[in-house]
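> From the sequence below, what's the structure:
(2 chains)
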Amino acid sequence: MKILVCITHVPDTTSKISFTEGDTKFDSTGVQYIIGPYDDYAIARAVELKESNGAAITVLNVGGVETEPTIRKALAIGADEAIRVNAAPADSLFVAQQIAHVAKDGSYDLILMGRESIDYNGGQVHAMVGEILGIPSISPVMKLEIEGSKAIMSREIEGGKEFLEAELPFVAGCQEPIAEWKIPNMRGIMTARTKPLNVVEPVSEDAAVTYGTYEMPAPKSGVKMASSVDELVDLLKNDAKVL
Amino acid sequence: MEKTALKGGEFLIRDVEAKDIFIPEEWNEEQKMIAQTCEDFIATEVHPKLDEIDSQKNPDIIPNLLDKAGELGLLGTSVPEALGGFGMPFNTTMLVSEVTGKGFSFAVALSAHTGIGTLPILYYGNEEQKQKYVTKLATGEWKAAYCLTEPDSGSDANSGKTKAVLSEDGTHYLLTGQKMWITNGGFADIFIVFAKIEDDKNLTAFIIEKEFGGITMNDEEKKLGIKGSSTRQIFFNDCKVPVENMLSERENGFKIAVNILNIGRIKLGAAAIGGSKAALTEGIKYGNERKQFGKSLTEFGAIKNKIAEMAVRIYASEGAHYRAGQNIDDAYDAFIAEGMEAGKARLKALEEFAIECAMLKVHGSEVLDFTVDEALQIGGGMGYSADGPFERPYRDARINRIFEGTNEINRMLTIDMMLKRAMKGTLDLMGPAQKVAGELMSIPDFSAATDDSLFGKEKKYLSNLKKAGLMVAGGAVQKLMANLSDEQEVLMNLADMMIEGYVAESVILRVEKLVGMKGEDACKIQIDMAKIFLHNAMENIGRAGREALYAFAEGDEMRMMLMGLKRFTKEEPFNVKEARRRVADYVIAKNEYAF
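I've put the predicted structure just below:
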């Protein structure tokens, strides 16, 4: 089985977010980057499938050279080889087109990625990739087993659980608890540098979206302590205007 | 580019260029990934279980965590690949110690297993012993403990009473004695035990398997801190040890004990730095959240002062640790190039820098104690509460000034090793000391005032601090001669002068190199930190020097040396308050120790 895992290179969840150039650009100064947390689960499930069913895992990222440490971490976790599409991830469609282009040549049985990135949180790339390739795409997937040429999945939905099946190949947007999150071990880290990391140029596609400006959420207002029930009712009525 | 290779202890008599030291800002991608794995392991597996670990209700919890650490490869970082490990450079293994040093009781179990538990066999064992034991210790299949201390033999380790008697048929030793404060004692499969064979003067080391029998132990010790770490008193009663389980040669045990402790020392310092960074971050976070008089605590100058002082000391000590770590790696490479066997080369390299190891054990553990204390102070009432984030670090930190040789023993060792090398002629202290004595008679050098390049002035200060150290140490040796070892107070003063000087030089060189990499504008805070540390060091060295001089010198000689000391610790006015504010404001805005 050949698995393609697509990963994003995103700011650490504890990063302080700020913008530059008149609030039109994300300020990456001093920001630590990580593998997107949902993508981390996708890699972890791929590695589990490799251990149980046998598989070759290719990890793919659309990004500049600065994403290579993130890609090598995925190799350290257990991917066998990596491809970096040498372009900034302009928008969801652009990224999906690049992934689809690589996937077409690679004849993968399974394309896994996170249900969404945690920078722009579009949550669209898996659907677009499925559409471009003409194969099913399912997201979020919280449990994934492979039996022969069939995938058996489940996920939580409003008020219950949904069980699904799909024929391979298909695209899955992954979410916990699909796999146990993996910390790269020393052996993985030390072998990561010997695994191939191929850089390919993007297929020229234009971004469909242009980003305008960004705005930070309003700072949280202070807490007011009410000293009596009457005062609380008054505050709720006249200050917060919720009663 | 050729590096100037400094020998151990030579920092006092020779200058080093910034390009010749390693700085933590140079960690490569792989080393950063290794550190991140340690960070993730401690955060996800250890920190959620801290209360359970410290309660000691589940005796399997630490062994299970060691198993998990073993699966990640964290137990085999120092072990060569041929024995199932990863053969990482010494500095990388120190980085692992630093990050896992945030693991409280678990960190103690981990470092005892990988350090004093595994390394005696790795460095002194024969091939069969290494294959039999190290391979299993590197994966965590077996856990190890180190049994040196006895009820009547602590810092004076060679006075131990545990006896080993050869059996009549000559196939094994019968070992009898009592060992105390044995970390990992409760669950270890392997014990490195030091005992005297018959009436020997010196210790011999043995590898003892729990299964050999004749081993009993007391309940877990109740301790001030690291409550989750297994600490037992162990009794050996005619424990039957096969003769092939003697480690190295008869009577070589004391040397093994000392050399293994050298490694443990600098790694303990690194682990303390890891703990310090975590404690400071807790202090900053709490100070940012807690409001009094309508302001965050971190807006008050008194709190900023504390935060900056902690950050400065951590940053300086960290740099000194990895500077020495790289020296050890470079010395190792040089010995290997000469054709020396790997284990022997590693030991020789560590022995070469044993002075630095002892100094950094002291410095790292004292930075940690300072930091947990000041961070707790920022916490106020919450700092004192067992429900807050400050109480455990405060209690757990304290042991670091005691184990792996108390800080007093390590201070004495620092001076003792320097003087021994001077006597042997491997470290030329007397020449430079006499030169300084000559300088006392000459007209003071005012050239510093004109050097306004980056750290131009500070380099002059550093050179003066070395002179201060040489002058006071040289004077003490001349005056006290053989009695110096009885004047422990003076030895403490001298050690403080050496330690402060070494760390001050390290932080100046670190920032100088960093400025070369990133430019001055990007390193303003680091420049402030280096200057603040140097300012503190000059004050501390001046005080320690004066106390020493008052103790052993007299008359004109004392007056002349006091004047010299004043000259060598003279500093132009430096607004350290404002510099501390800038450092504090930086980390306060980052909401963490951010270097």
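> any idea of the mean pLDDT for the biggest helix by length in chain A?
Secondary structure of chain A per DSSP state H: the longest helix is helix A:37-53. Here helix A:37-53 scores 97 as its mean pLDDT.
> List the buried residues for it?
When burial is assessed from 16 or more other CB atoms under 10 Å in any protein chain shown, helix A:37-53 yields the following buried residues: A:37-50. For every residue, glycine as well, the C-beta is placed using N, CA and C.
> Dump the C-alpha coordinates for it into CSV.
The C-alpha trace of helix A:37-53 is given here as CSV (Å, rounded to 0.1, in the frame of the first residue of the first chain):
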residue,chain,number,x,y,z
PRO,A,37,-1.7,19.1,14.9
TYR,A,38,-4.4,17.4,12.7
ASP,A,39,-1.8,16.4,10.2
ASP,A,40,0.2,14.9,13.0
TYR,A,41,-2.6,12.4,13.6
ALA,A,42,-2.6,11.7,9.9
ILE,A,43,1.1,10.8,10.0
ALA,A,44,0.6,8.8,13.1
ARG,A,45,-2.2,6.7,11.5
ALA,A,46,-0.1,6.2,8.4
VAL,A,47,2.7,4.9,10.6
GLU,A,48,0.3,2.6,12.5
LEU,A,49,-1.0,1.2,9.2
LYS,A,50,2.6,0.7,8.0
GLU,A,51,3.3,-1.3,11.1
SER,A,52,0.1,-3.4,10.9
ASN,A,53,-0.5,-3.8,7.1
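> From the contact counts, what lies against it?
strand A:2-6, strand A:56-62, helix A:68-77, strand A:110-114, strand A:143-147, strand A:170-174 (3 or more CB pairs under 8 Å, 6 or more residues apart in numbering or on different chains; DSSP states H and E).
> Now tell me what touches that helix from outside.
A:1, A:3, A:5-8, A:13, A:35, A:55-57, A:59, A:74, A:77-79, A:110, A:112-118, A:144, A:146, A:172-176, A:178-182 (CB atoms under 8 Å, 6 or more residues apart in numbering or on different chains).
> what ranges do the strands span in chain A?
With DSSP state E as the criterion, chain A has strands at A:2-6, A:9-11, A:19-20, A:25-26, A:33-35, A:56-62, A:81-85, A:110-114, A:137-141, A:143-147, A:150-157, A:160-167, A:170-174, A:197-200.
> Distance to residue B:358 and mean neighbour count added to these, as TSV?
Shown next, in TSV, are these (distance: least, CB to CB, whole Å; neighbours: other CB atoms under 10 Å in any protein chain shown):
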stretch	distance to residue B:358	mean neighbour count
strand A:2-6	49	26
strand A:9-11	42	21
strand A:19-20	48	12
strand A:25-26	48	15
strand A:33-35	39	21
strand A:56-62	46	25
strand A:81-85	45	21
strand A:110-114	50	28
strand A:137-141	56	22
strand A:143-147	55	16
strand A:150-157	58	15
strand A:160-167	61	12
strand A:170-174	51	27
strand A:197-200	44	14
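> I'd like the ones you listed as JSON lines, with distance to residue B:109 appended.
Formatted as JSON lines, these follow (distance: least, CB to CB, whole Å):
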{"stretch": "strand A:2-6", "distance to residue B:109": "36"}
{"stretch": "strand A:9-11", "distance to residue B:109": "35"}
{"stretch": "strand A:19-20", "distance to residue B:109": "46"}
{"stretch": "strand A:25-26", "distance to residue B:109": "42"}
{"stretch": "strand A:33-35", "distance to residue B:109": "29"}
{"stretch": "strand A:56-62", "distance to residue B:109": "35"}
{"stretch": "strand A:81-85", "distance to residue B:109": "36"}
{"stretch": "strand A:110-114", "distance to residue B:109": "36"}
{"stretch": "strand A:137-141", "distance to residue B:109": "39"}
{"stretch": "strand A:143-147", "distance to residue B:109": "36"}
{"stretch": "strand A:150-157", "distance to residue B:109": "39"}
{"stretch": "strand A:160-167", "distance to residue B:109": "41"}
{"stretch": "strand A:170-174", "distance to residue B:109": "35"}
{"stretch": "strand A:197-200", "distance to residue B:109": "37"}
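> Take those and lay them out in CSV including distance to chain B.
Listed next are the strands of chain A as CSV, based on distance: least, CB to the nearest CB, whole Å:
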stretch, distance to chain B
strand A:2-6, 18
strand A:9-11, 14
strand A:19-20, 17
strand A:25-26, 18
strand A:33-35, 9
strand A:56-62, 15
strand A:81-85, 14
strand A:110-114, 18
strand A:137-141, 22
strand A:143-147, 21
strand A:150-157, 23
strand A:160-167, 27
strand A:170-174, 19
strand A:197-200, 12
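> and the residue in chain B positioned nearest to chain A, helix, strand or coil?
Residue of chain B nearest chain A, by CB to the nearest CB: residue B:73 (2.8 Å). Following DSSP: H, G, I helix; E, B strand; the rest coil, we place residue B:73 in the coil state.
> what's the closest non-adjacent residue to it?
Sequence neighbours aside, residue A:186 is the residue nearest to residue B:73 in space, at 2.8 Å (criterion: CB to CB, 6 or more residues apart in numbering or on different chains).
> measure that neighbour to residue B:88 for me?
For residue A:186, the distance to residue B:88 equals 8 Å [CB to CB, to the nearest Å].
> what mean pLDDT does stretch A:156-163 have?
Rounded mean pLDDT across stretch A:156-163 is 94.
> Can you check the distance spanned by it, start to finish?
9 Å (CA to CA, to the nearest Å).
> what do you get for stretch A:114-123?
Taking CA to CA, stretch A:114-123 runs 8 Å from one end to the other.
> what's near enough to touch residue B:240?
Residue B:240 touches B:167, B:172, B:173, B:174, B:212, B:213, B:214, counting by CB under 8 Å, 6+ apart.
> Kindly export stretch A:87-107 (C-alpha atoms) in CSV.
Below are the C-alpha coordinates for stretch A:87-107, written out as CSV (Å, rounded to 0.1, in the frame of the first residue of the first chain):
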residue,chain,number,x,y,z
ALA,A,87,6.0,27.3,-3.5
ALA,A,88,4.3,29.3,-0.8
PRO,A,89,0.8,27.8,0.0
ALA,A,90,-1.2,30.7,-1.6
ASP,A,91,-4.7,29.3,-0.8
SER,A,92,-6.6,26.1,-0.5
LEU,A,93,-7.2,25.6,-4.2
PHE,A,94,-3.6,26.2,-5.1
VAL,A,95,-2.4,23.7,-2.5
ALA,A,96,-5.0,21.2,-3.6
GLN,A,97,-3.9,21.5,-7.2
GLN,A,98,-0.3,20.9,-6.2
ILE,A,99,-1.2,17.8,-4.1
ALA,A,100,-3.4,16.4,-6.9
HIS,A,101,-0.6,16.9,-9.4
VAL,A,102,1.8,14.9,-7.2
ALA,A,103,-0.8,12.3,-6.4
LYS,A,104,-1.7,11.7,-10.0
ASP,A,105,1.9,10.6,-10.7
GLY,A,106,2.3,8.6,-7.5
SER,A,107,-0.7,6.2,-7.7
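> Give the buried residues for that stretch.
Of the residues in stretch A:87-107, A:87, A:89-103 count as buried by neighbour count, 16+ other CB under 10 Å.
> pLDDT score assigned to residue 234?
You didn't say which chain, so I picked chain A. pLDDT recorded at residue A:234 is 91.
> that's the other chain; I wanted chain B
pLDDT at residue B:234 comes out at 98.
> Just to be sure, it is in a strand?
Yes - using three-state DSSP, the assignment for residue B:234 is a strand.
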